[in-house]
Every structure is written in structure tokens, then in C-alpha cells.
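Colleague: give me coordinates for this.
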Amino acid sequence: MAELFAFGIADRVLGKLGSAIIHEVGLAWGVKSELEDLRDTSSAIRAVLLDAEEKQATNHQLRDWLGKLKDAFYDAEDIVDEFEYEALRRQVVALGSFKTKVHSFFSTPISSVAFNLKMGHRVKNIRERLDKIAADKSKFNLIEGVPNAPVVLRKREMTHSFVKASDVIGRDDEKENIVGLLKQSGDSENVSVIPIVGIGGLGKTTLAKLVYNDETVVDHFPTKMWVCVSDEFEVEKLIKKILKERKPNENYNDFSMEQLQGRLRDELHGKKFLLVLDDVWNEDREKWLKLKDLLMDSGANGSKILVTTRKKSVASIMGSFPMQELKGLSKEDCLSIFVKCAFKDGEGKQYPNLLKIGEQIVQKCGGVPLAARSLGSLLNTKKDERDWVSINENKIWKFEQDRDGIMAALRLSYYDLPHHLKQCLAFCSLFPKDCEIGNRDLINHRMAQGLIQAWGENATMEDIGGTYINELLSRSFFQDVEQIIPGVAYNFKMHDLVHDLAMFFAQPEYFTLSFGSKDIPIRIQHVAFSDHYWPKEEYEVLRFLEKLNSSIRSIYFQIENVGPTSKSFVRACTLRFKCIRMLEFSESSFEALPNSIGSLKHLRYLAISENKRIKKLPNSICKLYHLQTLLLHGCSELEELPRGIGSMISLRTLYITTKQKDLSKKEKGLKRLNSIQQLGFFYCLNLEFLFKGMESLIALRMLAIHNCPSLIYLSPSIKLLTALEVLLIGDCEKLDQFMDGEPEGHEDTQSFGSLRILRFVNLPGLKGLPRWLFHGTTSNTLHQLYISNCPNFRAPLETGLQKLTHLQKLEIKGCPELIERCKHEIGENWQKFAHIPEIYLDSEKISSSIP
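Modeller: From the prediction side, this is the model:
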């Protein structure tokens with residue numbers, strides 16, 4: 001069904017062909033007319049693609065035609081991309097002589113006649129290919145359509161995206177029943193098993209979470225563990241997951257089965273535990289008994305295992321207690337969920353006609369809360385009665401009658417997505433089920449594939465990518481949001497049925513394989529490897545790569561601690577997949593990147609984070625002029641950054657771990673990264689200084705410095721980062737100079753200008769807030785201030801806080817003296833900052849004077 005993405009790819013190509021840089025390229029290199037012809041052809045084809053995508057589900061010939069078109073547009077995008085790369089290369093050459101005019105590269109005196117001729121022929125050939133395919137469009141009676149309005153222009157309420165467990169409707173009786181069973185003592189066995197059974201989307205996992213987090217359950221079980229099982233029930237992998245729940249930072253990859261069993265017994269010996277096995281499909285009784293015997297031998301009497309499954313046969317095999325069969329919600333409860341998602345609080349009363357139609361829609365949901373939530377979210381911004389009638393009377397309900405309404409509801413929600421969000425959701429099918437997805441990771445992945453297009457002068461691609469995620473959250477495609485750093489980073493998940501939906505529409509373009517896979521789709525573009533172990537024989541891996549389409553655009557490894565182990569694999573990728581946009585090689589163990597990495601002209605995303613063996617990066621990496629994301633954090637043996645890093649002028653995210661003491665030798669290059677948006681220094685154990693002249697990073701919006709124990713000084717130039725919105729500093733035990741370069745009373749009033757979030761964590765050298773915080777524009781822009789585990793913080797806080805007039809949230813943890821002075825109503829300085837709306841002291845929310 002990936003032919004649904006043809007419009008999106010055509011739209012991207014047209015966007016590139018209409019850009020100012022391609023226009024100037026055409027003029028400068030004599031290919032203006034060829035590029036204009038390509039744009040005209042692309043525009044004519046795009047006009048009918050929306051209609052074609054709608055009709056292709058029931059027309060095999062049309063589907064095949066769309067597939068050919070999509071392949072041709074991918075090739076067209078690659079060609080246009082090469083023009084952009086050449087323009088960037090010439091810009092780097094011009095910057096090498098420190099010319100300041102952005103477009104001076106067009107006059108760079110290099111021999112480019114051969115390049116111009118070659119590219120001119122390629123543009124002409126792809127246009128003729130598109131013309132030939134487009135000639136068949138008359139066979140299908142297609143009509144021109146208008147695309148959805150860009151999602152960034154829509155404002156949706158986010159009240160239903162972050163639903164708390166306490167807001168779950170209609171499951172109170174089931175919860176209390178299961179909590180009661182958990183507290184029963186085990187008569188015949190140390191460990192008893194309680195299975196929860198029900199169809200997909202009924203809320204089995206949600207119910208299990210309600211029980212898991214219930215206060216009485218927390219008090220009853222000193223040890224709790226949550227493991228998502230999903231499709232594969234392999235005892236060894238499950239033991240590792242259980243052990244990781246006990247000790248998240250331990251690595252059990254090299255443990256034998258005997259060692260794993262011994263460690264599990266040690267961890268659980270004599271402990272009354274609660275283990276949740278979520279989403280179990282296994283019907284092999286022998287596998288279950290093998291795991292059960294291990295758990296029985298380990299836990300104390302009264303331990304429980306709570307299992308969620310869709311299959312009664314699984315419950316029969318595993319259960320000690322009778323299965324707890326989850327039924328559909330009542331019509332009233334289902335309607336309550338629907339209304340909560342479709343309207344703001346109390347708004348539904350204003351639309352009695354819509355409520356009547358809503359009751360009919362809810363009837364089709366079969367009591368499945370996910371269906372009600374999905375359809376309510378779909379209709380949240382639609383108040384025209386015709387839209388509601390269209391959903392209620394849609395023919396899809398007839399085709400999906402066997403799935404209790406859930407898949408019909410999800411499909412209707414999917415079809416309502418704008419075209420760019422459809423492909424964004426499809427990309428998420430590469431992640432494994434129940435995986436935690438980070439918002440910043442997903443945005444960088446999507447940017448790499450061109451799935452986020454900047455619009456306007458002020459909106460960055462990162463902002464727009466965040467809006468895309470919020471839109472999918474508000475439509476209930478994502479759920480289970482967990483804030484990591486409020487306002488900066490959060491994780492979320494996809495329901496397994498939503499994941500199934502994404503896979504259905506994504507394949508064969510987005511596909512999950514293992515190195516043993518036999519059937520490989522011809523039109524595969526994005527590959528996720530699901531192997532739990534790297535193959536022992538390297539030749540098997542290299543032979544498998546040869547079976548893949550050479551136009552692969554993404555390679556991603558799903559399983560933690562599984563990644564390329566040899567330079568030969570990486571070299572094979574660089575030589576075969578010349579059009580690749582994303583290489584996700586985190587937690588790999590190869591010792592070096594090959595020089596051929598520099599030949600990947602289209603590469604936007606490269607992650608080699610957590611590689612503990614790599615020592616150097618080849619200088620050829622600096623030829624990746626299109627690269628937007630480079631992740632080097634956790635590369636503990638990396639000796640230094642490449643000499644020519646300043647040539648990577650498209651970099652927007654750079655995370656670094658290095659053994660260097662200071663970065664002054666790289667200052668000249670780092671200062672040239674004026675597209676950088678996110679810069680992070682992590683676990684740089686020897687780093688004593690950053691670099692001067694940071695004010696040249698004019699686009700930098702987030703700076704993170706974490707676990708740099710030797711860092712003693714922050715350059716005052718950091719204060720001149722006028723675009724910086726987020727500053728995070730943590731675990732820098734020697735740091736005691738926080739950019740206060742001026743004597744007291746002579747402070748520089750120029751400090752930052754956009755800073756919204758400031759976090760200080762584990763900084764023994766922090767004795768008080770920097771003076772610059774209370775002077776200049778920062779005092780008017782700061783919204784969040786977080787101070788944690790800074791035991792020597794003794795300076796008066798209250799006077800300065802009164803100057804932070806826009807501060808919305810103050811959180812203080814692990815600072816005893818400071819907290820004592822800030823205690824609610826009784827602290828000596830409470831009244832001086834009681835005006836702040838949100839105040840947390842040692843994680844306890846304090847009521848402020850703001851109503």
C-alpha cells in the first residue's frame with residue numbers, strides 16, 4: 001500500500017525544483033530549461049495523484065502505474081539532490097577562503113563542464129521517463145485534486161493526548177477484582193499467574209498499568225517488573241528483559257543461558273515480586289514451563305505474574321487463576337470516551353445534532369475504547385454535520401465487520417491524515433512494537449527522509465516536526481507519553497494495532513527483515529533489521545546486502561546492543577547504497593568508518609553512538625555536505641573530532657563524546673557550523689574547555705553539557721547565543737565558573753535573548769544562580785528553572801527570582817538549605833517567589849499564590 005505515498009514524493013520533488021538554489025543552479029550551469037521541463041512534467045502528474053491514490057486499492061493496474069511513478073520520482077529526487085550537493089560543495093570551497101557572500105560559490109573557478117553535461121542528460125532522461133509513464137494516466141479517468149492544508153496551519157487542542165491512568169473510563173470493577181486476586185496468598189505455588197484476555201484495543205495493557213501503579217499493589221510487592229513480550233517468546237530474551245528491569249544499566253548480551261538463570265535466581269531469591277508479561281502470543285507450553293520453573297524457584301510465596309493476551313489458548317496454558325476476560329465497554333462509557341476526545345470540556349452540549357450522530361458512530365465501535373478514542377480524535381476539529389455523517393455512513397464499516405469496529409475506525413482515521421503525515425506514520429512501522437520513541441530522534445529521522453518541509457521564515461524543521469508529532473498524538477496514533485525533560489524531550493509509544501496499521505500501509509517500501517529472510521520486496525526503500533544477534537559469519541551478512549535494492553534509503557537496527565561489528569559491513573553499505581539518507585548504527589562495535597563514507601552524497605543522518613571501539617573518524621566524513629544529524633555520544637574511545645568538521649555546513653544536530661581536553665584546535669571548524677540547532681557534549685571525561693567564539697553558532701537553540709567531570713570553565717561567549725532556548729548542564733563536578741566574567745555591579749546586560757529553559761543538575765560548584773540570569777533579556781524570557789542536587793547552593797535565590805517576571809515553573813531537588821528557605825508559607829523567603837505558578841520542592845508540588 002506504499003503507493004499511497006506517490007503524491008508526497010512528487011510534492012517533495014516539486015518543492016526542490018521550485019527552490020531558489022535550484023533556480024540559481026539552473027542559470028549558472030546551463031540546465032535551466034531542462035529543470036523547468038522536469039518541473040512542468042512533475043506538476044502535471046502530481047495534479048492527479050491524490051485521485052489515483054484513492055482509487056488504487058481496487059485497481060491493480062492503477063496500483064502498478066503508481067508504483068512505477070513513485071520509483072521514477074525517487075530517482076528524480078536523487079538527481080535534484082545531487083545539484084544541491086554540488087552547490088553545497090562549492091559553497092564550502094568559497095567559505096574556505098572566508099568569503100562571506102553565501103552565493104559566491106557559483107563563480108568558483110573550477111572545471112564543471114563535464115558535470116553540467118552529465119547532469120543535463122540525466123535530467124532530460126528522467127523527464128522523458130516520467131512523460132512515458134504519465135502518458136498512461138488517461139486510461140484511469142483521473143481527476144485533478146487539491147491536497148490537504150499543511151498540518152502546521154492547524155491548531156488542535158492537546159488535552160486528550162496525555163491521558164492519565166486515573167482518567168480511564170469504565171474499568172473500575174475489573175481493576176478492583178484483579179487487585180484483590182494479586183493480594184491473595186499462594187496456596188500451592190510460590191508464584192501464581194493471572195491472565196487478562198480480550199481483543200485488541202479493549203485496554204488490556206491500560207488495565208494492567210492501572211493495577212501495576214495502584215498504591216496498594218506498590219506497597220504489597222517490594223519488587224515489580226514490566227516486560228513486553230509481543231510476537232517472540234524466547235526464554236533467553238525474556239530473562240534478559242526481566243534482568244534489565246531490575247538493573248537497567250547492566251549488559252547481559254554475553255551471558256550464557258546458565259549464567260542468566262543464575263543471575264535471575266539471585267535477583268529474585270526470597271523476594272515477593274509482581275511481573276507483568278504484556279502482549280503474549282506464545283502457545284508453546286514447553287517454552288512457558290521452562291520460564292515458569294525458573295520463576296517458581298526464585299520468588300517468595302505470594303509472588304504474582306500478570307499476563308495480557310488476545311488469545312484464550314494462551315491464558316489456558318499460562319494461568320493459575322481463572323482468566324479475566326475483558327469485555328467491551330458499555331455504550332455509555334464508550335460514548336463518554338468519544339465525547340471527551342471529540343469536544344473540549346462541555347462543548348458537546350452546543351452541538352446536539354452531532355451528539356446524536358456520535359451515538360450512532362459509537363454503536364459501530366463495539367465497545368472498543370481505542371476505536372472510540374480514534375474516531376473522537378478524528379472528529380475533534382470537524383464541526384460540520386456532513387463530516388460526521390460521512391464517517392457514520394462510510395462503506396468501510398461493511399468491509400471490516402469481523403474486527404469489532406477497531407480496524408475500520410483506525411483506517412478511517414488514517415485516510416483522514418494529510419499526505420505528509422501518512423508517510424510519517426508509515427516510517428514508524430520500522431520501530432519494534434511497544435518501543436519507546438523519542439520525539440527528537442523521530443524528528444531527525446523524518447528530516448533525513450525529507451518528510452518535514454520548512455515553511456515560512458521563522459518555523460524551523462524541528463518545530464514543524466514537533467507539530468507533526470503533536471498532531472499524531474492528538475489523533476490517538478501515539479500514546480503513553482512520558483516526559484523526560486519537560487518542554488524539551490519526551491517518549492511515547494504506538495498501540496500494537498496502530499503499529500499493524502502502519503505496517504499495512506507502509507509495506508513493501510518500509511520493511512522489517514532479518515539476515516535470514518528469504519522473501520525481499522523489490523521496491524523496498526527503508527530496511528529495519530530485527531535480528532537479536534549479529535550473524536557469526538560475516539560473508540552471510542555481505543551476501544545478504546547484495547540481495548537488497550541498491551536504492552535503499554534507510555538502514556535501522558531494531559534491537560538494543562545489536563549493530564554492525566565490522567568495517568566491511570559499513571563499507572559494503574557505502575559502496576552499494578549510494579542514495580542512502582539514514583544510517584542508524586548505534587551500539588555498533590566496528591573499529592573504524594571506511595573512507596568511502598564520504599561518497600554518500602545524499603546522507604542526512606549518521607548515528608554511531610555508543611560504539612566503544614571506534615577511535616578516529618576519517619577526514620572524508622567531512623564531505624557529507626548534506627548531513628543534518630551526526631550522533632557520536634557514547635563513543636568513549638573517540639580521540640578527536642575530524643579536522644574538517646566545519647565543512648559539514650548542513651549539520652543541525654551534533655552530539656559528541658571525545659577524549660580531547662579542549663576543543664580550541666577545532667574552534668575554527670566548529671564556529672562555521674552556523675546551521676546547528678542542537679549541540680551536546682556527553683561523557684567527555686577529559687574536556688576542560690569548550691571553545692571561544694560560540695556566538696557564531698547563530699542558529700543554536702539547545703546546548704547540553706552532561707557528565708564532563710573535568711570541565712572547569714564555560715566561555716562567556718555562550719551568553720551571546722541569541723537563538724538559544726534550552727541550556728542543560730549536569731554532572732560537571734569541577735565546573736565553578738558559569739559565564740560570570742564581569743565583576744559584581746558591572747554585569748553585561750547582553751545575555752542570551754531567547755532562553756526559555758535552564759537546568760542545573762549535580763553541580764557541586766554551583767553556589768548560586770549566575771548574575772547574568774537577572775540582567776538583560778533573559779529575565780523576560782525564562783519560563784522554566786530546574787536546580788537538582790547542587791548541595792553547595794547557598795546564595796540567596798529570592799531576590800533574583802523576583803526579576804524573572806515570566807518564570808512559570810520552578811523545581812528544586814536535593815538542595816537542603818535552599819529548600820528549607822523555600823518551604824511553603826513557613827520558609828523565610830516563601831512570599832518572594834510564591835507568585836510562580838508551578839513550584840516543586842523535592843518532587844512535591846507546592847501551591848503557589850497564583851489561583
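
Colleague: next helix or strand past the worst-scoring helix or strand of the chain on mean pLDDT?
Modeller: Confidence across the helices and strands of the chain bottoms out at helix 798-803, with a mean of 70, counting by mean pLDDT, DSSP states H and E. Using DSSP states H and E, the helix or strand that follows helix 798-803 in sequence is strand 809-813.

Colleague: show me what that next one is packed against.
Modeller: Using 3 or more CB pairs under 8 Å, 6 or more residues apart in numbering; DSSP states H and E, the elements in contact with strand 809-813 are strand 784-788, helix 816-822, strand 838-841. The C-beta positions use only the backbone N, C-alpha and C, and glycine is treated the same way.

Colleague: weakest of these by average pLDDT?
Modeller: Among the helices and strands packed on strand 809-813, helix 816-822 carries the lowest mean pLDDT, a mean of 80.

Colleague: just the helices from the stretch 551-700 of the chain, written as ranges.
Modeller: 567-576, 667-670 (DSSP state H, counting those that start in this stretch).

Colleague: would you map the strands across the stretch 401-550 of the chain?
Modeller: For the stretch 401-550 of the chain, applying DSSP state E, counting those that start in this stretch gives strands covering 437-438, 479-485, 489-493, 510-513, 526-529.

Colleague: helix, strand or coil for the nearest residue to Phe233 once chain neighbours are set aside?
Modeller: Leaving aside its sequence neighbours, Phe233 sits nearest to Asn282 (CB to CB, 6 or more residues apart in numbering; 3.3 Å). Per DSSP: H, G, I helix; E, B strand; the rest coil, the local secondary structure of Asn282 is coil.

Colleague: repeat that for Val193.
Modeller: For Val193, the secondary structure call by three-state DSSP comes out as strand.

Colleague: who's in contact with it?
Modeller: For Val193, the set of contacting residues under the criterion of CB atoms under 8 Å, 6 or more residues apart in numbering consists of Lys292, Lys304, Ile305, Leu306, Val307, Met318, Gly319, Ser320, Phe321.

Colleague: pLDDT weak spots in the stretch 451-600 of the chain?
Modeller: Counting by pLDDT under 70, the low-confidence segments of the stretch 451-600 of the chain come to 454-457.

Colleague: switch the cut-off to 80
Modeller: Using pLDDT under 80 as the threshold, the predicted model of the stretch 451-600 of the chain has low-confidence ranges 453-458.

Colleague: can you name the next helix or strand after the longest helix along the chain?
Modeller: Among the elements of type helix in the chain, defined by DSSP state H, the one spanning the most residues is helix 60-96. On the C-terminal side of helix 60-96, the nearest following helix or strand under DSSP H and E is helix 113-134.

Colleague: middle-most residue in the chain, spatially?
Modeller: Closest residue to the average C-alpha location of the chain: Leu442 at 2.9 Å, with CA atoms, centre = their mean.

Colleague: for the residue nearest to it when sequence neighbours are not counted, what are its contacts?
Modeller: What sits nearest to Leu442 in space, not counting adjacent residues and going by CB to CB, 6+ apart, is Ile469, at 6.6 Å. Residues near Ile469 by CB under 8 Å, 6+ apart: Asn439, Leu442, Ile443, Phe478, Phe492.

Colleague: tell me how many other residues crowd the last one.
Modeller: Which is Phe492. The number of residues packed near Phe492 is 20, by other CB atoms under 10 Å.

Colleague: is it bridged to anything, and to what?
Modeller: Legend: beta-bridge partners of Phe492 under DSSP bridges are Ile437.

Colleague: kindly check the end-to-end length of stretch 488-504 for me.
Modeller: Using CA to CA, to the nearest Å, the span of stretch 488-504 from its first residue to its last is 32 Å.

Colleague: hmm, I typed the wrong one, I wanted stretch 451-463.
Modeller: For stretch 451-463, the end-to-end distance is 13 Å (CA to CA).

Colleague: what helix or strand is Lys356 on?
Modeller: Lys356 is part of helix 352-363 when elements are defined by DSSP H and E.

Colleague: and that helix, what does it pack against?
Modeller: helix 331-342, helix 369-378, helix 385-392.

Colleague: can you rerun that using 7 Å?
Modeller: Secondary structure elements in contact with helix 352-363, counted by 3 or more CB pairs under 7 Å, 6 or more residues apart in numbering; DSSP states H and E, are helix 331-342, helix 385-392.

Colleague: got the buried residues for it?
Modeller: Buried residues in helix 352-363, counted by 16 or more other CB atoms under 10 Å: Leu354, Leu355, Ile357, Gly358, Ile361, Val362.

Colleague: check the secondary structure at the closest residue to the second one other than its chain neighbours for me.
Modeller: Nearest residue to Leu355 in three dimensions, chain neighbours excluded: Gly348, at 5.6 Å (CB to CB, 6+ apart). Under three-state DSSP, Gly348 falls in the helix class.

Colleague: what's the burial count for Gly348?
Modeller: 17.

Colleague: find me the pLDDT at it, would you?
Modeller: Turning to Gly348, the model gives it a pLDDT of 86.

Colleague: and the gap between it and Gly405?
Modeller: Computed with CB to CB, to the nearest Å, the distance linking Gly348 and Gly405 is 21 Å.

Colleague: which stretches of the stretch 551-700 of the chain form strands?
Modeller: Counting by DSSP E, counting those that start in this stretch, the segments of the stretch 551-700 of the chain that form strands are 554-557, 582-584, 605-607, 629-631, 653-656, 678-682.

Colleague: what does the last one contact?
Modeller: Contacts of strand 678-682 with the rest of the structure, by CB atoms under 7 Å, 6 or more residues apart in numbering, involve 633, 652-657, 687, 700-708.

Colleague: next, the angle strand 479-485 makes with the helix or strand just after it.
Modeller: From strand 678-682 onward toward the C-terminus, using DSSP H and E, the following helix or strand is strand 702-706. Here the directions of strand 702-706 and strand 479-485 differ by 70 degrees (axes from the mean of the first three to the mean of the last three CA atoms, to 10 degrees).

Colleague: what is strand 702-706 packed up against?
Modeller: Other helices and strands packing on strand 702-706, by 3+ CB pairs under 7 Å, 6+ apart, are strand 678-682, strand 726-730.

Colleague: this completes my enquiry, with thanks.
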